[in-house]
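1. Take this sequence and fold it.
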Amino acid sequence: MSKDKKNTKSAVTDNRQKTLKLYSVGTIVILLVIVVAANILFDSILGKYLTFDFSLSNQNSISNETQDYLDSLSADTNIRVVGLMDRPTELNNTPLRYIVPLLDDYATKSGGKVTVEYVNPETYPSIRQELDREGQYDLTADTFAVCYQGKIVSISPYDCFTYDTESSSYGYYVPTANAVEYTFTNAMANLTSGFSAKAYFVTGVESDSSEQLKHILSSLGIDSADLPVSSSFTIPEDCNLIFINNPQTDIPQNVASALNNYISTGGDFIVAVNFYNNVSEQYPNLNSVLNEMNLNIDTYVVKENHPEYVLDNIGFEALVDIASNYTDFSSSSQLRSGYARPVRKYDNPYSYIKTDVVLTTSAYATAVKINEDGGQSQYENEDTYNVAMYATYEGMKDAPCCYVFGTSYFTSDEYISSYGYNDANVQFLRNCIRDITGMNNFNNLQVDSKPLDDYSFDSTKATASNASVMTVIFMIIIPLALVIAAAVVYAKRKNL
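-> Predicted coordinates for the structure are as follows:
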């Protein structure tokens, strides 16, 4: 073979190798581009429909109660949820990892009744004017605005959780429960029901913080504000409900006079006290207000002696029974009480005042007096004592109403943060508020908070339909796509 023919053959061979190499690399690159593009397209079109929440506490899924509420709305309902921020792309280690996926679930399952969008007010300042033309609401960045027919509820991510009270007192916010669905569903329900009210908390009597209770009120559509005691104390005209929550000292005389006038005009209020931190306080001025409703708080502590009721080794913490007229306020027949003062009927002679027992001890409880040296002396014989009572005026239009609790185990931040919004005591209080404000005529929705994600897997949620979809994807669609890709590559290369 001549030298020229050898060189020609080598050149041809080298060209074929280069062509094969370029084709192989190009095929791989094209395949990667196709896979990435298909994945993006597949996720954008079907991602939401192929996402399954198998978590034990349904962190990213709305509950049956919320679904029933959404289904009950008319088809033309338009609830607009606007996140005043860019849509978050990195959710890990932020509170938004509990909020953004759940809001997506609202939009997916509402049938168009709930829309969710994200608009950064720094990029688009006009969004505030668009949502709130009258400037009535404080729409700040990094919050969510729930809008319906010109009305708005502003929700901060901070509001979507309960926190440990003890840690909060030191400036550390340790979440104890996920209240995202609880907060958003109640906000929507209150807007669509048309209910609104205003509550005031009497402060300046060394009362405890009421932040958790205020959050419960907000979820019920009730705005709240503090009402400090002062020499010029007056009750605002827009007041629908007053709270005197666990005062450590008695209210001043002028505050008692203002409350008596408030009662005479049909004002409603809720009082909660305890015995633990103020054993010597007798509340003469507060009792003068309660006497107008034919109620009185005694200066003793209830000690339970029935072994099936006692929760501690002393008897000061115990179970209490719900009176028959209030059993529908709770799914439990018994609730917790601690360091309670007895609440009893006063000797007001007016027959139009109706009093009602709400919570009672067993028939083996005693009322105990704590001596100056810390010792105990029995005050009354074993009997049934009232831990909570209700009172109103019969036959009067817009009659005043009140609930009086001898224990703070229903209203205190410490209790609520420890046991959460799903606790039977908290649910009972919520229904008392609904009852006293007439809210049951508007909204009786009951949505629970959820425990924080513990990464538990609930096998019961892997239903047959979900399992079938996942099986088709992993056992048929993905392998078939790989086989087709391999066949195409083979067909192109077999003659090389």
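2. What's the local residue count around residue 415?
-> Here the count is done by other Cβ atoms under 10 Å, and residue 415 has 22 residues near it. Just so you know, the C-beta spots here come from the backbone N, C-alpha and C atoms, and that holds for glycine as well.
3. From residue 297, how far off is the nearest residue to it once chain neighbours are set aside?
-> Distance criterion Cβ to Cβ, 6 or more residues apart in numbering; nearest residue to residue 415, sequence neighbours excluded, is residue 409 at 5.2 Å. Counting by Cβ to Cβ, to the nearest Å, the gap from residue 409 to residue 297 is 15 Å.
4. quick one, what contacts the residue nearest to residue 415?
-> 274, 335, 336, 337, 338, 340, 415, 425 (Cβ atoms under 8 Å, 6 or more residues apart in numbering).
5. ok, and the most crowded of those residues?
-> residue 340 (33 neighbours).
6. How is that residue assigned, secondary-structure-wise?
-> Following DSSP: H, G, I helix; E, B strand; the rest coil, the label given to residue 340 is coil.
7. per-residue confidence at it?
-> In this model, residue 340 is scored at 96, pLDDT.
8. Contacts only, for it.
-> 274, 275, 301, 302, 320, 387, 406, 407, 409.
9. Check residue 427 too.
-> Taking Cβ under 8 Å, 6+ apart as the test, what residue 427 contacts is 329, 330, 331, 446.
10. Buried among the residues you listed? Need that as a selection in PyMOL.
-> Selection of buried members from these for PyMOL, criterion 16 or more other Cβ atoms under 10 Å:
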select buried, resi 329+330
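11. of the contacts of residue 427, closest to residue 107?
-> residue 446 (22.9 Å; Cβ to Cβ).
12. Does the closest one touch residue 64 like I think?
-> No - in this structure, residue 446 is not within contact of residue 64 by Cβ atoms under 8 Å, at 11.1 Å.
13. Can you list the low-confidence ranges for the stretch 301-450 of the chain?
-> 371-374, 377-380, 440-444 (pLDDT under 70).
14. Which residue ranges of it form helices?
-> 413-419, 424-437 (DSSP state H, counting those that start in this stretch).
15. now the stretch 1-150 of the chain
-> 3-46, 64-72, 96-109, 126-131.
16. Please tell me how far residue 66 sits from residue 325.
-> 30 Å.
17. out of these two, which sits in the more crowded spot?
-> residue 66 (24 against 11).
18. Report the contact partners of the more buried one.
-> Counting by Cβ under 8 Å, 6+ apart, the residues that residue 66 touches are 106, 181, 185, 447.
19. Among those residues, find me the one that's closest to residue 144.
-> residue 106 (11.4 Å).
20. Show me how this structure divides into domains.
-> Here the chain is described, according to automatic domain parsing, as comprising the domains 3-52+462-493, 55-194, 195-440.
21. In a markdown table: these, plus distance to residue 452.
-> Converted to a markdown table, the domains of the chain look like this (distance: least, Cβ to Cβ, whole Å):
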| stretch | distance to residue 452 |
| --- | --- |
| domain 3-52+462-493 | 20 |
| domain 55-194 | 5 |
| domain 195-440 | 11 |
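22. of all those, which lies closest to residue 451?
-> Between the domains of the chain, domain 55-194 lies closest to residue 451; by Cβ to Cβ that is 5.2 Å.
23. Centre of the chain to that closest one, how far?
-> Offset of domain 55-194 from its chain centre (Cα atoms, centre = their mean, to the nearest Å): 11 Å.
24. and if you look at stretch 250-263?
-> 33 Å.
25. Flag every buried residue along it.
-> Those buried within stretch 250-263 under the rule 16+ other Cβ under 10 Å are 250, 251, 252, 255, 256, 258, 259, 262, 263.
26. ok, now stretch 316-326?
-> 316, 317, 318, 319, 320, 321, 322, 323, 326.
27. list the contacts for the residue nearest to the third one when sequence neighbours are not counted?
-> Right, residue 318. Leaving aside its sequence neighbours, residue 318 sits nearest to residue 304 (Cβ to Cβ, 6+ apart; 3.5 Å). Counting by Cβ under 8 Å, 6+ apart, residue 304 touches 310, 315, 316, 318, 319, 361, 362, 364, 365.
28. Which of these fall in strands?
-> Residues of these located in strands (DSSP state E): 318, 319.
29. thought residue 272 was touching residue 413?
-> No - if you go by Cβ under 8 Å, residue 272 and residue 413 don't touch, sitting 11.9 Å apart.
30. ok, back up a step: which of the buried residues of stretch 250-263 fall in helices?
-> 255, 256, 258, 259, 262, 263 (DSSP state H).
31. need those residues in JSON lines with pLDDT and distance to residue 355, can you?
-> Converted to JSON lines, these look like this (pLDDT from 0 to 100; distance: Cβ to Cβ, whole Å):
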{"residue": "255", "pLDDT": "97", "distance to residue 355": "23"}
{"residue": "256", "pLDDT": "97", "distance to residue 355": "20"}
{"residue": "258", "pLDDT": "97", "distance to residue 355": "23"}
{"residue": "259", "pLDDT": "98", "distance to residue 355": "18"}
{"residue": "262", "pLDDT": "97", "distance to residue 355": "19"}
{"residue": "263", "pLDDT": "97", "distance to residue 355": "14"}
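32. Mind putting those residues into TSV with distance to residue 231?
-> Output for those, formatted as TSV (distance: Cβ to Cβ, whole Å):
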residue	distance to residue 231
255	10
256	14
258	11
259	16
262	18
263	21
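33. May I ask which two of these are separated the most?
-> 255 and 263 (12.7 Å).
34. follow-up on the earlier one: which of the domains of the chain sits most buried?
-> With neighbours taken as mean count of other Cβ atoms under 10 Å, the domains of the chain reach their highest mean count in domain 195-440, at a mean of 18.
35. Brilliant, that's me finished.
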